[in-house]
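Sequence first, then the predicted structure, then my questions.
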Amino acid sequence: MSATRVVALSGGVGGAKLALGLYRVLPPDTLTVIVNTGDDFEHLGLYICPDLDTTLYTLAGLANPELGWGRRDETWTFMQTLEALGGETWFRLGDADLALHVERTQRLRGGTTLSAIVTDIARRLGIEATVVPVSDEPIRTQLTTSEGELAFQEYFVRRRCEPRVQAITYAGAAAARLAPAARAALESAALETIILCPSNPYLSVDPLLAVAQLLPAVRAARVPVVAVTPLVGGQAVKGPTAKIMRELGIPLTPRAIAQHYAGWIDGFVLDRADAAQADTFEVPVHVTDTLMKTLEDRERLAREVLAFAATLARA
């Protein structure tokens with residue numbers, strides 16, 4: 001396998017879209033995707049990893065385009081039967097998706113690390129890129145809300161992001177160690193660029209940054225770090241980013257997100273809808289269409305992000 005050339009830091013659906021674009025325009029075995037695990041939780045006795053699974057399904061061409069999560073061509077016999085039996089159905093698990101959760105849970109109970117499981121599953125799905133959790137140790141995103149303390153999935157899925165967010169913490173992150181494959185990718189002598197995919201800064205990126213070893217490793221890599229905006233025209237492309245920013249009193253602008261990453265990003269990719277704000281940034285900005293509705297959009301954006309990063313490398 002070739003040495004890592006590009007590292008993508010990613011959360012869920014938006015991050016996975018750009019990761020797929022990068023996967024398709026790069027030699028596939030030169031990409032490493034380091035994925036948020038703050039969304040992980042145990043449900044119905046199973047260990048669920050939503051962002052990791054979204055990344056795996058997306059890179060393998062198995063993602064559900066209608067739902068934006070889970071597998072395509074899914075069936076729901078398990079959930080229908082569970083509902084008839086009076087079980088909890090607020091978090092939906094498709095029949096094919098269920099197999100991954102069962103297999104992962106069994107392997108974890110047998111002592112296999114999450115990284116090793118993800119590596120093996122990626123290989124079995126035909127993925128040549130390296131997909132790795134940020135840590136093999138549990139990290140849990142917790143939200144202080146108008147309804148009290150809520151675990152991430154309780155807030156995001158069960159309560160549909162309705163409670164007002166007052167604070168966000170990442171339980172376990174301070175003591176969690178960076179996964180070995182993530183560290184190896186960031187220390188690769190061939191590394192050229194680190195891309196911060198368009199993921200929710202507070203729910204998907206901050207859990208990564210909360211792992212104490214990650215940011216020092218990013219800085220030590222001494223390569224350009226480029227962040228891609230998750231906002232277009234003052235709105236989140238997907239998810240509760242805009243709602244959370246308003247509730248936390250953060251200006252609803254891409255510049256505020258760039259400032260959130262101040263000190264460790266070298267460039268920012270801004271959507272054309274916000275082009276008028278380009279001169280307000282403290283780092284170089286590349287303006288383009290960031291919406292990724294098609295596969296061609298994902299590939300085009302990936303090429304532009306990589307080309308922009310290369311100009312920073314030459315500066």
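Received it, and whenever you're ready, just let me know what you need. In this text the structure is predicted, and so the values were computed from the model without any measurement.

any low-confidence regions in this protein?
Across the chain, the stretches falling below the confidence threshold (pLDDT under 70) are 1-2, 313-315.

Buried ones in the biggest helix by length in the chain, by neighbour count?
Here the longest helix in the chain is taken by residue count, with DSSP state H as the criterion, and it is helix 295-314. Residues of helix 295-314 classed as buried by neighbour count (16 or more other C-beta atoms under 10 Å): 297, 298, 299, 300, 301, 302, 304, 305, 306, 308, 309, 312. Heads up, the C-betas are built off the backbone N, CA and C, glycines and all.

Which of those residues sits closest to residue 157?
Lowest distance from residue 157 to those (C-beta to C-beta) belongs to residue 298, with 25.5 Å.

list the contacts for the closest residue to that closest one other than its chain neighbours?
The shortest distance from residue 298 to any residue that is not its chain neighbour, by C-beta to C-beta, 6 or more residues apart in numbering, is 3.3 Å, and that residue is residue 21. For residue 21, the contacting residues are 292, 297, 298, 299, 300, 301, 302, 303, taking C-beta atoms under 8 Å, 6 or more residues apart in numbering as the criterion.

which ones are touching the third one?
Applying C-beta under 8 Å, 6+ apart, we find residue 298 in contact with 17, 18, 20, 21, 24, 292.

Is residue 79 within a helix or a strand, and which one?
Element membership for residue 79, per DSSP states H and E: helix 77-84.

Quick check: which helices or strands does the following helix or strand past that helix pack against?
Sequence order places helix 95-109 as the next helix or strand after helix 77-84, per DSSP H and E. The elements that helix 95-109 packs onto, with contact taken as 3 or more C-beta pairs under 8 Å, 6 or more residues apart in numbering; DSSP states H and E, are strand 46-48, helix 77-84, helix 114-124.

Please work out how many residues are found near the closest residue to residue 285 other than its chain neighbours.
On the basis of C-beta to C-beta, 6+ apart, the spatially nearest residue to residue 285 that is not a chain neighbour turns out to be residue 278, at 4.6 Å. Other residues near residue 278 number 16, with proximity taken as other C-beta atoms under 10 Å.

hmm, back to that, contact partners of the helix holding residue 79?
The set of residues external to helix 77-84 that reach it, using C-beta under 8 Å, 6+ apart, is 44, 88, 89, 92, 93, 94, 95, 98.
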